[in-house]
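# this one's sequence-less:
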């Protein structure tokens, strides 16, 4: 009798957002609503949730540096331990939700899924969901880098408490979010009310679903904001990519700039290859694979996406062009 | 203990065993003090007590003792039963008939590790603290810099070492002479810990797939590398001459007699198993060792002859725990899909 968990990886959704944005309200909804699914929830403040459930696990965020010489390689030690423990349960569950503290950097939690073999074997990072308080977002941006980072890492954004702001204010907030991260899906919500399939099982870190997840993915664009701000940019090319040159360039780029690059993704038309080459990364960590084949007569273009701080679009474009045939 | 692995009988037939199927992953297994009962801690919160005599019928399962997973289990060093820990934050003392008494309740914490000492003391990890149970008393030690990820008693039971992020902490348990804890630092996260059976060394497995070993008296340390995965199972031989480590395809023992293992390769022996070893358990008295694999295979090795035999074939379910009976004639084995195996090695 093989358990379903050992044959399939359990999806993990990371829930970030500033203090008071509505994460707890959202979790309470997920735990109390009738949807026929069972989720294990890892929270950082026990007792805040109104639901008493033995699948709610209390975690102190324990951010560990990996002792491997890579300075930005940090992982969540508590998560590694808790996932291992959850897998010992007889009662199976459909997914795991990880709530981070309001001031948390989503980097370590995401990197845990790239780094730890046991975690990788049994779970997969599904998506990073960020809840934003529409009324207080601008104030939170001024208080430190956390709010900005949480937007930068997001695959899905719940722009929450829309009932507390005017349509004009809401537009300003949404424009600012788009300035940081133009690739995340934004949902407007009140009291964190949202259909669960809008935030769960999104496959945002699934290499096979890179195209499917981002409708805008193939539209390129450069924003011209200040360089020290977090922003997203994309680079495209129509000539085929030389794989060796690309690997060298990307390796060096992540070595030097990995700390500033929060998320990166790409689809490459490798010279002579019948299939797309897809990759995605968090800081210096990267995952890559061969994707779907190019169709006959299809235009073979490549596209890279970066979300990060201090991104020099022209420099990146020049660097990538050097990798083309 | 007479086992001759070169004897054709060991090569050709599997030893007699009792296997009981449950539907919850086995987190831990142990024998009681006199070796008459074997127990398995399960992922449904049950602790299943079975007669160690494999000819005897297994009694019906009792109701779960823990509300989530029974994560940890040891034979009670001060009684005929066991001590169990769960992800419900409780430590329970179980009598031989299975009736439970609560020793500790820490809501929101997981009791992931329990160790016992023959003097009657039991230590448990609960979040960032270590709890000591001795002579009807409960004492808390900590907090440590992070959640305690492994612990063990010293040879004489006077100290407990705890593994955590950034190194290990050794607590002196004496109430008469109160000594400050000793911290042995090594950066990174330590995920398993075993104190050598002669008391001289403390070994840990790290998040970076290394082994770290400290000489307790000198506070010097050494690092052993080259593992393809985290080493979560460590086991010292009864004579403390070797430290067995998991996460290799064969038995892997670091020599600690003489000048120690520095600059030497480990002793590796036995037939290559299917997959990587997940759990390793040195025999309590003789020079044998049991190793369970992530494929479900189980091997018995003999360090003198460098031979090994298969005790259980691979079946796809990783072995999660092993325990020897005190006399070393029986071996308890648990796996990820819930098989409770007791093997009788007397032939």
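Good, I have the coordinates. Predicted model, so just to flag it, every value in this text is computed and none were measured.

# Helix, strand or coil: sort out the closest residue to chain A within the stretch 201-347 of chain B for me.
Going by C-beta to the nearest C-beta, chain A is nearest to residue B:208 of the stretch 201-347 of chain B, at 5.1 Å. Yep, even glycine has a C-beta here, placed from its N, CA and C like the rest. Three-state call for residue B:208 (DSSP: H, G, I helix; E, B strand; the rest coil): coil.

# residue contacts, the nearest residue to it once chain neighbours are set aside?
Leaving out its chain neighbours, the residue that sits closest to residue B:208 by C-beta to C-beta, 6 or more residues apart in numbering or on different chains is residue A:67, at 5.1 Å. Residues counted as contacts of residue A:67 (C-beta atoms under 8 Å, 6 or more residues apart in numbering or on different chains) are B:187-189, B:206-208.

# In contact with the nearest residue to residue B:113 once chain neighbours are set aside, which residues are there?
In this structure, residue B:113 finds its nearest non-sequential neighbour in residue B:125, 4.3 Å apart by C-beta to C-beta, 6+ apart. By C-beta under 8 Å, 6+ apart, residue B:125 lies in contact with B:111-114, B:131, B:147-151, B:162.

# The residue of the stretch 201-347 of chain B closest to chain A: how many residues sit nearby?
19 (other C-beta atoms under 10 Å in any protein chain shown).

# Residue A:142: neighbour count?
7.

# From residue A:130, how far off is it?
Between residue A:142 and residue A:130 the computed distance is 18 Å (C-beta to C-beta, to the nearest Å).

# Would you mind listing what in the stretch 51-200 of chain B touches chain A?
Applying C-beta under 8 Å from any C-beta of the partner chain, we find that the stretch 51-200 of chain B lies next to chain A at B:67-69, B:71, B:87-88, B:108-110, B:112, B:127-128, B:146-147, B:149, B:165, B:187-189.

# one more time with 7 Å, if that's ok
B:67-69, B:71, B:87, B:108, B:110, B:112, B:146-147, B:149, B:165, B:187-189 (C-beta under 7 Å from any C-beta of the partner chain).

# of those residues, buried ones?
B:68-69, B:71, B:87, B:108, B:110, B:112, B:146-147, B:149, B:165, B:188-189 (16 or more other C-beta atoms under 10 Å in any protein chain shown).

# Make sure I have this right: residue B:310 is in a helix.
No. Residue B:310: not assigned to a helix; according to three-state DSSP it is strand.

# Now it. Nearest residue, chain neighbours left out?
Closest residue to residue B:310 apart from its sequence neighbours, by C-beta to C-beta, 6+ apart: residue B:299 at 5.8 Å.

# who does the helix or strand hosting that neighbour touch, helix- and strand-wise?
For residue B:299, the host element (DSSP states H and E) is strand B:298-302. If contacts are counted by 3 or more C-beta pairs under 7 Å, 6 or more residues apart in numbering or on different chains; DSSP states H and E, strand B:298-302 sits against strand B:288-293, strand B:307-312.

# now it, how far from the centre of its chain.
16 Å (C-alpha atoms, centre = their mean, to the nearest Å).

# do the same with stretch B:170-186
The chain centroid and the centroid of stretch B:170-186 are separated by 23 Å, computed with C-alpha atoms, centre = their mean.

# did I read that right, residue A:171 in a helix?
Yes. Counting by three-state DSSP, one finds residue A:171 located in a helix.
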